[in-house]
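Undergrad: my questions are about this predicted structure, shown below with the sequence.
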Amino acid sequence: MCVEATPPPSARVTRRGVLAGAAALAGTLAAVGPAAAAAGKTRPAPSSGRPRGGNLVIRGGTLLDPATGEVTENAVVVIEDGTVRAAGRPGDVTVPHGAEILDAHGRWILPGLVDAHIHLSTAVEARDAVRKGVTSARSGSTFFYQDIAVRELARHSPALAPRLTAAGVFVTPDLGDTVLADPDLTPLARLKDGVRSAEALRRVVEVNLARGADVIKTRVNERAGLPEQDPLAQVYSHDQLAEIVAAARRRGKGVLCHSYSEQGCHDAVTAGIRSLEHGAFVGERTLHEMRRRGTYFTPTLTAIAGLAESTNPVLAERGRAYLPVLKRAVLAAHELGVPLAAGTDSSGGTVRPIGREVALMRAAGLPALDAIRTATTGAAHLLGLDRTVGRLARGFAGDAILVDGDPLADISVLKQPVRVVRAGYAV
């Protein structure tokens, strides 16, 4: 069934939906101008109506710069209005008079971590992610555009949520109850074969972008976390994936793609996706193509390791079989120069520590510093935040974690940060 006869997504409805969601979580409305609504984007409230970032000085710890690998002992980091104004040795940094001091003696200081694949649907989950060291993140989609509201919550109350790149709803053959996420999706409920035609695929992308999604999430394979599904079964063809990518690119957006099988991975990459998610059975030919194109690999090792710990025997066996294969793929990708990003694939009310994902990257064979980069500079580049996130240097976001120990020697310390700073606020 063709859906082209249905009018295009309504800017009036989608703008109202974004504002209502933001109000529910943040308790305040973002100011959205008519031009922004027509473009399908939310506009941050004027600076006079937004809280400023915090002012804080972190002093006395050992500072690690993931970009360079430089280690600075007895470091000082000065954060003003949520932004790093200076970082370095005490003699090189002036501490503002009367500044609030966070004592970091005996601890290591790192930039806040990035979770490049997480599902945040509630304010509680958002706050939990921050407390576990995630100060920036990319959504892996939500059922009813909750991630867009979480993004607005982070803009207005940064201590309550990580800055978030929102994906909106999943572009998948069977939307289920997600057809109720926006009135402009409801015509798709008539489709007997689900969201498969070029028109239907474009429709979901267009509604997502009208709601203010920053990226588009789709799939090429079925799910590994459902025992009744076969993760190697392909649900979209190369041409269907290319249609999704083209619709997103017309608005300057990238696509992340859930994948498992080698053929599925190859179809997704050659269709032009920005990042490959999971990708347990990605092969050498596809990895070479990813390196050539600059396609990112977000393996979500934590999620696959979680399957191995499942009480369901099908899922447990699947996890045990997939995890070593995925670790080999991660190491092969790293050795070939494929960019990697850390993501936990947390969902369902449980936020897994991003530090565990970094530790699993290390266990896959990455050097410690390179593993740390997958959740700092590398993931920041994937999110388009490489000039804002991933380092504690002048002009970067005032996001930091303090850990008890040297992560270059014992990377497991990242699993439990002892303090988190978000936009200059000690959480």
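TA: Okay, I see it. Numbering: from 1, shown residues only.

Undergrad: so who does the residue nearest to residue 245 when sequence neighbours are not counted touch?
TA: Excluding the flanking residues, the one nearest residue 245 by Cβ to Cβ, 6 or more residues apart in numbering is residue 272, at 4.2 Å. Where C-beta positions appear, they are placed from N, C-alpha and C, glycine not excepted. Neighbour list for residue 272: 242, 245, 246, 249, 255, 293 [criterion: Cβ atoms under 8 Å, 6 or more residues apart in numbering].

Undergrad: those in strands, which ones?
TA: residue 255 (DSSP state E).

Undergrad: and which of the contacts of residue 272 is nearest residue 144?
TA: residue 255 (20.6 Å; Cβ to Cβ).

Undergrad: ok, now which ones touch that closest one?
TA: Listed by Cβ under 8 Å, 6+ apart, the contact partners of residue 255 are 215, 216, 217, 218, 244, 245, 248, 272, 273, 274.

Undergrad: I'd say residue 142 and residue 119 touch.
TA: Yes. Using Cβ atoms under 8 Å, residue 142 makes contact with residue 119 at a distance of 6.1 Å.

Undergrad: now the strands for the stretch 51-200 of the chain?
TA: 56-59, 62-64, 71-72, 76-80, 83-88, 101-103, 108-111, 113-118, 134-139, 163-165 (DSSP state E, counting those that start in this stretch).

Undergrad: among the ones you listed, which is nearest residue 227?
TA: That would be strand 113-118 among these, by Cβ to Cβ, at 21.5 Å.

Undergrad: who's in contact with the residue positioned nearest the centre of the chain?
TA: Closest residue to the average C-alpha location of the chain: residue 138 at 1.9 Å, with Cα atoms, centre = their mean. Residue 138 sits next to 114-118, 164-165, 167, 215, 256, 343, 379, 382-383 when contact means Cβ under 8 Å, 6+ apart.

Undergrad: give me the beta-bridge partners of it?
TA: residue 165 (DSSP bridges).

Undergrad: how much space between it and residue 377?
TA: 15 Å (Cβ to Cβ, to the nearest Å).

Undergrad: likewise for residue 365?
TA: 19 Å.

Undergrad: which of those two has more neighbours?
TA: Each of residue 365 and residue 377 has its neighbours counted (other Cβ atoms under 10 Å); residue 377 has more, 20 against 15.

Undergrad: report the contact partners of that one.
TA: Here residue 377 is in contact with 66, 67, 386, 390, 391 (Cβ under 8 Å, 6+ apart).

Undergrad: contacting residues for the nearest residue to the first one once chain neighbours are set aside?
TA: Read it as residue 66. Excluding the flanking residues, the one nearest residue 66 by Cβ to Cβ, 6+ apart is residue 376, at 4.2 Å. Neighbour list for residue 376: 66, 110, 111, 113, 114, 389, 390, 391 [criterion: Cβ under 8 Å, 6+ apart].

Undergrad: if we use 6 Å, what do you get?
TA: Applying Cβ atoms under 6 Å, 6 or more residues apart in numbering to residue 376 gives the contacts 66, 111, 390.

Undergrad: returning to that earlier point: please identify which of the contacts of residue 138 is nearest to residue 412.
TA: For these, the nearest to residue 412 is residue 115 (17.3 Å; Cβ to Cβ).

Undergrad: where along the stretch 151-300 of the chain do the helices fall?
TA: 198-210, 238-249, 262-271, 284-293 (DSSP state H, counting those that start in this stretch).

Undergrad: can you list the weak-confidence ranges in this structure?
TA: 1-51 (pLDDT under 70).

Undergrad: which segments of it make up each domain?
TA: 51-112+390-427, 113-389 (automatic domain parsing).

Undergrad: would you check how far apart residue 310 and residue 89 are?
TA: In terms of Cβ to Cβ, residue 310 sits 48 Å off from residue 89.

Undergrad: the more surrounded of those two?
TA: Each of residue 310 and residue 89 has its neighbours counted (other Cβ under 10 Å); residue 310 has more, 16 against 12.

Undergrad: excluding sequence neighbours, find me the nearest residue to residue 301.
TA: residue 360 (3.9 Å).

Undergrad: host element of the one you found?
TA: helix 354-363 (DSSP states H and E).

Undergrad: strand 134-139 and that helix, what's the angle between them?
TA: Going by axes from the mean of the first three to the mean of the last three Cα atoms, to 10 degrees, helix 354-363 is angled at 80 degrees with respect to strand 134-139.

Undergrad: burial of the residue nearest to residue 146 when sequence neighbours are not counted, as a residue count?
TA: In space, not counting the residues next to it along the chain, residue 146 is nearest to residue 121; the distance is 4.3 Å by Cβ to Cβ, 6+ apart. Close neighbours of residue 121, defined as other Cβ under 10 Å, add up to 20.

Undergrad: list phi and psi for residue 121.
TA: phi -110, psi -10 (degrees, to the nearest 10).

Undergrad: that one is in contact with residue 145, isn't it?
TA: No. Using Cβ atoms under 6 Å, residue 121 is not in contact with residue 145, being 9.8 Å away.

Undergrad: return the set of buried residues in the longest helix along the chain.
TA: Counting residues, the longest helix found in the chain (DSSP state H) is helix 313-336. Buried residues in helix 313-336, defined by neighbour count with 16 or more other Cβ atoms under 10 Å: 315, 318, 319, 322, 323, 326, 327, 329, 330, 332, 333, 334.

Undergrad: the fifth one against residue 304, yeah?
TA: Spelled out, it's residue 323. Yes. Counting by Cβ under 6 Å, residue 323 touches residue 304, with 5.0 Å between them.

Undergrad: next, the distance between the ends of stretch 329-348.
TA: 27 Å (Cα to Cα, to the nearest Å).

Undergrad: what about the residue nearest to residue 301, neighbour count?
TA: So residue 360, with other Cβ under 10 Å, has 25 neighbours.

Undergrad: distance check, it against residue 302.
TA: For residue 360 relative to residue 302 (Cβ to Cβ), the value is 6 Å.

Undergrad: if we can go back for a sec, mind checking how far the residue nearest to residue 146 is from residue 344?
TA: Distance, residue 121 to residue 344, using Cβ to Cβ: 15 Å.

Undergrad: residue 293 too?
TA: Distance of residue 293 to residue 344, computed by Cβ to Cβ: 25 Å.

Undergrad: between these two, who's got more neighbours?
TA: For residue 293 versus residue 344, the count of surrounding residues by other Cβ under 10 Å is larger for residue 344: 31 against 14.

Undergrad: fine, thanks again, bye for now.
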